[in-house]
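Q: Predicted model and sequence follow; I will ask about them next.
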Amino acid sequence: MKIIKDIKELREFRKALACSVGFVPTMGALHQGHISLIKKSVKENEKTIVSIFVNPTQFLEGEDFEKYPKRVEADRKICELAGVDVLFMPEISDMYVSIEPTILAPTQKAYILEGLRRPKHFDGVLRVVLKLLNLTKPTNAYFGKKDAQQLYLIENLVKSLFLDTNIIPCEIVRDEMGLALSSRNTYLSESEKKEALKISKSLKIASKEIIKGNKSVKHLKGIMKEVLEPLKIEYIEIVNREFEAIDEIELKNSIILVACMVGSTRLIDNLWI
Ligand code: AMP
C-alpha cells in the first residue's frame, strides 16, 4: 500500500491508472463501519483509494475539531490488511488555498435536521467532497447510510454538477448491542455507552410498530421519545427519501432519523424503512 500525502503525487498516480477506481473518504479513527465501505470498494474496483482528512470547514465553532480522535498507525494497518492501494492523507494547507470559490449546499435540504443544528456543516462537507472527488476521479465512491442527509446531499452534488462518479450507499454497521459505530463513540464512558443504546432501541421499536401497521409519524415520534428519555433529544424526524416531511410512513421510501446528546457527545442514527 502506498501512502500519499502530496496532492501532485496523488494526481500523477491517478493519471496513470486505466482501471476502475473505488474511493472511500473518511476522517480516520477507522472502525468496522469504515472497513465495510473499504471492503466493498476493494471487491468492486481494481484499485481502491482511502482518504483520511479531518476537514476543518465542516466543523462549527466549539465543535470537536481539535480533539477529533487520531489513530494514524492503526488506520494504516487496517487499510493495508483490507487491500487498499493508496492511503491519501493530505495536509489542510494543501487542500485549501487562501482564496476559494464559495460552495453552498442547497438551503432547503442542508439547513434542516443536521444542518439546522450545525448550520454551514454541509457547505464544508460538499466543499471537501468535491475537492476529493476531483483529485481521485473515482469510478465508484462509497458513503455510509449512517450519515443519511450527507449521502443525499452528495448524491445531489454529483448529479447536479455532472460528476463522473457513481455514489454507492452502504449499510449502517452496528456493534453487537445495536449501537451504530462512530469514531465519536470513543468519547463515551461505559455508562454513556449503555445510555446510547436507547437510540437504536427507539428505532427498533418504531420499526416493530410499523410492522404492526402503525404508520402515523406523530404516533411513531411519540413512542420513540418515550424510549429515548431522559436523553437530550436534538431531533426525531421522519422524512421521505427526498428529505421532505411526511405524515404517514411510505414503505421503501422513508427514513427515521434521530440525533441525541449522550453526556457531551452528539450521536446520530437512522433507519431506512
Ligand atoms: P467519517 O470518518 O465519520 O467521516 O465517515 C466516513 C464514511 O464512513 C462516511 O461515508 C460515513 O457515513 C461512513 N460510516 C461512518 N460510520 C458508519 C457505520 N457505522 N456504518 C456504515 N458507514 C459508516
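A: Now that the structure is in, tell me what you want to look at. Residues are numbered from 1 along each chain as shown.
Q: only C-alpha atoms for contact and neighbour calcs from this point on.
A: Will do.
Q: So what's the residue count around residue 5?
A: When neighbours are counted by other CA atoms under 10 Å, residue 5 registers 16.
Q: Kindly report the residues of the stretch 101-250 of the chain close to the ligand.
A: Residues of the stretch 101-250 of the chain lying near the ligand by CA under 6 Å from any ligand atom: 143-147, 171-174, 180-182.
Q: Keep only those of the residues you listed that are in strands.
A: When DSSP state E is applied, those are split such that 143-144 fall in strands.
Q: Now the buried members of the residues of the stretch 101-250 of the chain next to the ligand.
A: 143-147, 172-173, 180-182 (16 or more other CA atoms under 10 Å).
Q: so can I have JSON lines of those residues showing distance to residue 67 and pLDDT?
A: What follows is those, written out as JSON lines (distance: CA to CA, whole Å; pLDDT from 0 to 100):
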{"residue": "143", "distance to residue 67": "23", "pLDDT": "99"}
{"residue": "144", "distance to residue 67": "23", "pLDDT": "98"}
{"residue": "145", "distance to residue 67": "25", "pLDDT": "98"}
{"residue": "146", "distance to residue 67": "22", "pLDDT": "98"}
{"residue": "147", "distance to residue 67": "21", "pLDDT": "98"}
{"residue": "172", "distance to residue 67": "24", "pLDDT": "98"}
{"residue": "173", "distance to residue 67": "24", "pLDDT": "98"}
{"residue": "180", "distance to residue 67": "21", "pLDDT": "98"}
{"residue": "181", "distance to residue 67": "18", "pLDDT": "98"}
{"residue": "182", "distance to residue 67": "15", "pLDDT": "98"}
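Q: with those in mind, which one is nearest to residue 71?
A: Distance to residue 71 across those (CA to CA) is lowest for residue 182, with 13.9 Å.
Q: got a list of what the closest one touches?
A: By CA atoms under 8 Å, 6 or more residues apart in numbering, the contact set of residue 182 is 31, 33.
Q: For it, give its distance to residue 62.
A: Residue 182 is 20 Å from residue 62, where distance means CA to CA, to the nearest Å.
Q: Also residue 189?
A: The gap separating residue 189 from residue 62 is 21 Å, by CA to CA.
Q: and these two? which has more neighbours close in?
A: More neighbours surround residue 189 than the other of residue 189 and residue 62, with 12 against 7 (other CA under 10 Å).
Q: Report the separation between that one and the ligand.
A: According to CA to the nearest ligand atom, to the nearest Å, residue 189 stands 18 Å off from the ligand.
Q: for that residue, phi and psi?
A: phi -80, psi 170 (degrees, to the nearest 10).
Q: do the same with residue 39
A: Dihedral pair for residue 39: phi -60, psi -40, per degrees, to the nearest 10.
Q: With residue 158 instead?
A: Dihedral angles of residue 158 (phi, psi; degrees, to the nearest 10) stand at phi -70, psi -40.
Q: Excluding sequence neighbours, find me the nearest residue to it.
A: Closest residue in space to residue 158, ignoring its immediate chain neighbours: residue 165 at 7.2 Å, by CA to CA, 6 or more residues apart in numbering.
Q: Which pLDDT value belongs to the one you found?
A: Listed pLDDT for residue 165 reads 98.
Q: Same question for the one 5 residues further on.
A: According to the prediction, residue 170 has pLDDT 98.
Q: could you pull out the strands for the chain?
A: Ranges of strands in the chain, per DSSP E, are 2-4, 21-26, 47-52, 86-88, 140-144, 166-170, 232-240, 254-262, 265-272.
Q: returning to what we had before: just give me the neighbour total for the residue nearest to residue 158.
A: Residue 165 has 19 neighbours, counted by other CA under 10 Å.
Q: Can you verify my assumption that it contacts residue 141?
A: Yes: counting by CA atoms under 8 Å, residue 165 does reach residue 141; the two are 6.7 Å apart.
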